[in-house]
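Trainee: Pasted the sequence and its predicted model underneath.
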Amino acid sequence: MKHAETILPELAWLRFNRRVLLQTERPDFPLLERLRFVAIWARNMDEFFTARIAKPFLRGRGGAEYRALLQEARLQKGLAWARYGLLLGELRPKGLEVLPVEALDEEEEAYFGVYLAEVAVPRTDLLDWSQAQDLTSGALYFASERHLVRLPQDLPRLLPIPGREGAFVRLGELFRLRSDLVLPEPGPLYEFRALRLMESEQDRVDWDDLTQVLEERMEGVFTHLEAEEGFPSVWLSRLREALGLKEEEVYLQAPPLDLRLAEALVEAGPEGLRFIPLSPNRPKAFLKAPLDHLRRQDLLLYHPFQDYRAVERFAETALAPEVEEVWATLYRIGPENPLALALIRAAQMGKRVHVLLEARARFDELLNLAWYLRFRRAGVEVVPLPERKVHAKALLLLGKEGGFAHLGTGNYNPQNGAQYTDFSYFTARKGVVEDLRRFFLALRDGQEPALSHLYTGPRIRELLLERIRSEAHPEGRIILKFNHLTDPGVLKALLEAAQKGARVQLIVRSTLTLLAPGFEARSLVGRFLEHARVAAFRGGGRWLVYMGSADAMPRNFDRRYELFFPVLDEEARKAVLRVLKRQLKDDRNTFLLTPEGEVRLWGGRHDAQAW
């Protein structure tokens, strides 16, 4: 009899990152896009060692589960480096290549010598070995017998070779070639980089505390060391001990160590080797007059296939005379953001504008601190941060004659709007608008929201459990789509429903911690990052559909302010179900997740990421 498999969340996430890396093998993807997935995988792996490994590292370091994580990461690193080399080989006939320094002629060597002397070396730090504990996380270093050399982090890792179209040389190799420019004594250089744990241990962080928290984060404990093959063993032991690392936390490979540099080749390559740009559908009537449209009917959009610009256009209606007050939750909004600028303009016009800008958005804290200053100085009220992180995605416009709401599954970020699959739901329904207004006021006043139509915190778990249990019979059907599904209570209820005959279909992009024979579980990984969170239940024949900002994880239910909401419009419900059913048929981007392992479905006729 087949048994269920329980998986450590961090291992489930690493398996997802392996699926990301496997996109480099897809025959239906253009060459440069396959190379881009090397860079995506590398960024993900850095995130793993700086954030996601936190709990196993701090609580189970040295144990069997922890060692299994390191082993999986080690195997992936070897595969990634091999895939990078193979893809470079495929690029060479296309006129794009990375040359070794030995291929440079005398004139090119002279040019790069001047580049190093005038541009790179003045920004390079020469450290004593005694300063090893002060290493910057993720920076590229060289070790010599007496010194450590930190390369400039703001310089490109690949430099174009003048006069050789499409040819590049690696900055690190140039430093090795001209070590005399940085070392006071002659000697060889060996490449390495180290990663620190960057997670803040503080749950409660307000804006006044943020700068201190960010400074302390830069001094986090080391979790990982990468060094080039051939690194002298005595030096490596000395470095490892200085960083407080175990032998199994050190990884050796041939350079380049940081495969994020692959992105530079993708951007430099010809358009014909990249995806054809998507032309999203534009909801013209809504774009022309958003509020008039919502007075007549709700609107559901599925990004990026339907234009994210509609969300920004909705925000711009905050400038309309009939809008007097604006509320918004902002999490990861990026360096440039038309929606945020619209809120600033509204405040400058004298409107009452309030934002819940989350200071604790991992690795976006500094950007959000800059936006905090911009908002405050423009007259926007930045609501004090509540105890729990605010991860909800909501925008509310209020006037004398009522209000208009946007609720979504994704961040208010134009770049994400073009690259992530997310739902946007616009409505002027009084119950939803009033609930959203109560949500914002409660958080501003430090109270727990009391809502009738929307769900937040533990009530999201309660909603899911109630609906799952109502489907626990042979005619029941459950479709859940999440990035992460790890909540023990929800998983137990799903297992019991499946055992009672319900059809349980799970679309989980990254982290699914229970694989059971009764589950139809799949992960979609493709051109766009699957990011929407949706729950659908047959409900005795009439489908009930909910969506929102929350993944089904204990932290999201118990330690965050999220918003989950019912899709009340009939046409919108049908549209969501069409998307879900397309994804359940997908055989181009799918990995079936079973207790026996993963099954890759590629090359079929059903592509849920084509529109």
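Mentor: Sure thing, it's come through. Residues are numbered from 1 along each chain as shown.
Trainee: Show me the helices in the stretch 451-600 of the chain, by range?
Mentor: Listed in chain order, the helices of the stretch 451-600 of the chain (DSSP state H, counting those that start in this stretch) span 458-470, 488-499, 554-558, 570-585.
Trainee: What is the distance between the last one and the centre of its chain?
Mentor: Okay, so that is helix 570-585. 24 Å (Cα atoms, centre = their mean, to the nearest Å).
Trainee: for that helix, what is the average pLDDT?
Mentor: The average pLDDT within helix 570-585 is 98.
Trainee: which outside residues touch that helix?
Mentor: The contact list for helix 570-585 (Cβ atoms under 8 Å, 6 or more residues apart in numbering) reads 298-300, 302, 423, 425, 479, 481, 505, 507, 520, 522, 524, 532, 534, 536, 543, 545, 547, 567, 606, 608. Heads up, the C-betas are built off the backbone N, CA and C, glycines and all.
Trainee: Tell me which of the helices of the stretch 451-600 of the chain sits nearest to N411.
Mentor: Each of those has some distance to N411 by Cβ to Cβ; the shortest is helix 554-558, at 14.7 Å.
Trainee: Pull out the buried positions in that closest one.
Mentor: 556-557 (16 or more other Cβ atoms under 10 Å).
Trainee: quick thing: my sequence starts at 201, can you match it?
Mentor: Okay, using 201 as the starting number, the last item reads as helix 754-758.
Trainee: who touches that helix?
Mentor: So helix 754-758 is contacted by 591, 657-658, 660-661, 686-688, 750, 762 (Cβ under 8 Å, 6+ apart).
Trainee: of those residues, buried ones?
Mentor: 591, 657, 660-661, 686-687, 750, 762.
Trainee: on that earlier part again, so which of the helices of the stretch 651-800 of the chain is nearest Y451?
Mentor: Closest among those, using Cβ to Cβ: helix 754-758, at 29.0 Å.
Trainee: And the closest one, how far out from the chain middle?
Mentor: Per Cα atoms, centre = their mean, the centroid offset for helix 754-758 relative to its chain is 18 Å.
Trainee: Can you select the buried ones from the contacts of helix 770-785 in ChimeraX?
Mentor: Remark: buried members of those, expressed as a ChimeraX selection using 16+ other Cβ under 10 Å:
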select :498,499,500,502,623,625,679,681,705,707,722,724,732,734,736,743,745,747,767,808
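Trainee: which ones among the contacts of helix 770-785 are found in strands?
Mentor: 499-500, 502, 623, 625, 679, 681, 705, 707, 720, 722, 724, 734, 736, 745, 747 (DSSP state E).
Trainee: so how far is L665 from the residue nearest to R562 when sequence neighbours are not counted?
Mentor: Excluding the flanking residues, the one nearest R562 by Cβ to Cβ, 6 or more residues apart in numbering is A251, at 6.2 Å. A251 sits at a distance of 29 Å from L665 (criterion: Cβ to Cβ, to the nearest Å).
Trainee: can you check F312 too?
Mentor: Taking Cβ to Cβ, one finds F312 at 63 Å from L665.
Trainee: mind checking which helix or strand F392 is in?
Mentor: strand 390-396 (DSSP states H and E).
Trainee: D492 too?
Mentor: Secondary structure (DSSP H and E) places D492 in helix 490-496.
Trainee: Show the contacting residues for E247.
Mentor: Taking Cβ under 8 Å, 6+ apart as the test, what E247 contacts is F563.
Trainee: Next, it: phi, psi?
Mentor: Reported as degrees, to the nearest 10, the phi and psi values for E247 are phi -60, psi -40.
Trainee: Check what pLDDT it gets.
Mentor: 96.
Trainee: And for F640?
Mentor: So, for F640, pLDDT stands at 98.
Trainee: what comes up buried for the lengthiest helix in the chain?
Mentor: Counting by DSSP state H, the longest helix found in the chain is helix 264-291. Neighbour-count burial for helix 264-291, counted by 16+ other Cβ under 10 Å, picks out 266, 269-270, 272-273, 276-277, 280-281, 283-284, 287-288, 291.
Trainee: That helix: how far from the chain's middle?
Mentor: That offset, for helix 264-291, works out to 20 Å (Cα atoms, centre = their mean).
Trainee: Whatever helix or strand comes next after it - what's its average pLDDT?
Mentor: Per DSSP H and E, the first helix or strand lying C-terminal to helix 264-291 is strand 297-299. Averaged over strand 297-299, pLDDT sits at 97.
Trainee: Could you do stretch 346-353 as well?
Mentor: Per-residue scores along stretch 346-353 average to 95.
Trainee: mind checking the end-to-end distance for it?
Mentor: 22 Å (Cα to Cα, to the nearest Å).
Trainee: Tell me the buried residues in that stretch?
Mentor: 347-352.
Trainee: Kindly format the C-alpha coordinates of stretch 729-739 as CSV.
Mentor: Extracted C-alpha coordinates of stretch 729-739, given in CSV (Å, rounded to 0.1, in the frame of the first residue of the first chain):
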residue,chain,number,x,y,z
LEU,A,729,6.2,32.8,-11.8
GLU,A,730,3.0,31.2,-10.5
HIS,A,731,2.0,33.5,-7.6
ALA,A,732,-1.9,33.5,-7.2
ARG,A,733,-3.5,32.0,-4.1
VAL,A,734,-7.0,30.5,-4.8
ALA,A,735,-9.3,28.0,-3.1
ALA,A,736,-12.3,26.5,-4.9
PHE,A,737,-14.9,24.1,-3.6
ARG,A,738,-17.8,22.5,-5.5
GLY,A,739,-20.3,23.3,-2.7
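Trainee: Who are the contact partners of the residue lying closest to D769 once chain neighbours are set aside?
Mentor: Of all residues not flanking D769 in the chain, D498 sits nearest, at 3.9 Å (Cβ to Cβ, 6+ apart). By Cβ under 8 Å, 6+ apart, D498 lies in contact with 625-629, 768-769, 772.
Trainee: Whichever of those end up buried, select them in ChimeraX.
Mentor: In ChimeraX, a selection of the buried entries from these looks like this (16+ other Cβ under 10 Å):
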select :625,626,627,628,629,769,772
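Trainee: ok, what's across the strand from F737?
Mentor: I678, L744 (DSSP bridges).
Trainee: right, I mislabeled it, should have said H606
Mentor: L595, F626.
Trainee: So if I had to pick from F312 and L665, which one is more boxed in?
Mentor: F312 (23 against 16; other Cβ atoms under 10 Å).
Trainee: Could you give the number of residues near the closest residue to that one other than its chain neighbours?
Mentor: Of all residues not flanking F312 in the chain, L374 sits nearest, at 5.2 Å (Cβ to Cβ, 6+ apart). L374 has 20 neighbouring residues, counting by other Cβ under 10 Å.
Trainee: residues in contact with L374?
Mentor: Contacts of L374 (Cβ under 8 Å, 6+ apart): 301, 312, 315-316, 320, 359.
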